[in-house]
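Visitor: quick one, what's the 3D model for this:
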Amino acid sequence: MIYKQLLINLAFILLLSSVQADNISISQSVDKPSIPFEDSTIFTITLQWDGPQWGYLFNKPLEPQFEHLKVKGFASSIKSIGSGTDEVTTKTYKYTLIPTAPGTARIEPISISYLSMPDSTAGELVTEAMTIHVAEPLPKEERTSSFPTWLILIIAVVGAGGIGLAAVIIARKRNKDSIPKAKSPVEQVLDELTALKKESAGDMKKFQTGLYRILSNYCISRFDINPD
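Guide: Numbers count the residues shown, from 1 in each chain. Below you'll find the model as predicted:
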């Protein structure tokens, strides 16, 4: 009698295992099917079945294949909700993908092998192929110098002479008080350069325009030469 009951229980367990194998489902998605070349997308594979987490064993790593994409990050998780006959388990795989080339990128089908417990029956699920549109890369900023040769020479002359003169002026001001007087052309250039640096705030075109104006005024006031 006991032996017969054990056979019935074993048959019930095997039947339950078979039902679980039939109930496992697979789905897949990407959060952004079209992305800029500089962006990324998340590819998610979701497995779901009725029953506890130990109902299926996934003992082989996935081997995804991508075209014009590469993996930047990977994560997997498993969770269950409910209990008993109402328990549902969800297992997810998440790949963060970044483009390697513009155009149509492709995610090849992925095979997921598993063992149905407790009888260790082997099974396999396969995802479908997916495509992602990748935009062309943004053009790199062209950084070219627009300083004419004569302007570079003037900057060198002003810089070399101005630093020494400025040091003398600063030392004299610290040692004694003097009656305010009109600033020399070099002092005026140094003050204007300091103000221009703050005003331009890294804007090269604005800085170049202001620098041309400052040096033009310097040439006129110091050497009576009009650069134009």
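Visitor: stretch 124-137: which residues count as buried?
Guide: Buried positions in stretch 124-137, judged by neighbour count with 16 or more other Cβ atoms under 10 Å: T127, I132, V134. Heads up, the C-betas are built off the backbone N, CA and C, glycines and all.
Visitor: show the pLDDT at the closest residue to the last one other than its chain neighbours.
Guide: Going back to what we said before, that points to V134. Nearest in space to V134, with sequence neighbours left out and distances taken as Cβ to Cβ, 6 or more residues apart in numbering, is P99 at 4.3 Å. Listed pLDDT for P99 reads 97.
Visitor: so who does the spatially most central residue of the chain touch?
Guide: Nearest residue to the geometric centre of the chain (Cα atoms, centre = their mean): D39, 6.4 Å. Contacts for D39 were tallied using Cβ atoms under 8 Å, 6 or more residues apart in numbering; they are K32, I98, P99.
Visitor: one more pass at 10 Å, please.
Guide: K32, I98, P99, V134, A135 (Cβ atoms under 10 Å, 6 or more residues apart in numbering).
Visitor: that one: which element?
Guide: Under the criterion of DSSP states H and E, D39 resides outside all helices and strands.
Visitor: quick one: the strands in the chain, in order.
Guide: For the chain, the strands defined by DSSP state E occupy 25-30, 34-35, 41-50, 56-57, 66-67, 69-81, 88-99, 103-107, 111-116, 121-126, 130-134.
Visitor: would JSON lines of these with distance to I163 be doable?
Guide: Below are the strands of the chain laid out as JSON lines (distance: least, Cβ to Cβ, whole Å):
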{"stretch": "strand 25-30", "distance to I163": "59"}
{"stretch": "strand 34-35", "distance to I163": "51"}
{"stretch": "strand 41-50", "distance to I163": "54"}
{"stretch": "strand 56-57", "distance to I163": "76"}
{"stretch": "strand 66-67", "distance to I163": "58"}
{"stretch": "strand 69-81", "distance to I163": "49"}
{"stretch": "strand 88-99", "distance to I163": "49"}
{"stretch": "strand 103-107", "distance to I163": "55"}
{"stretch": "strand 111-116", "distance to I163": "71"}
{"stretch": "strand 121-126", "distance to I163": "73"}
{"stretch": "strand 130-134", "distance to I163": "52"}
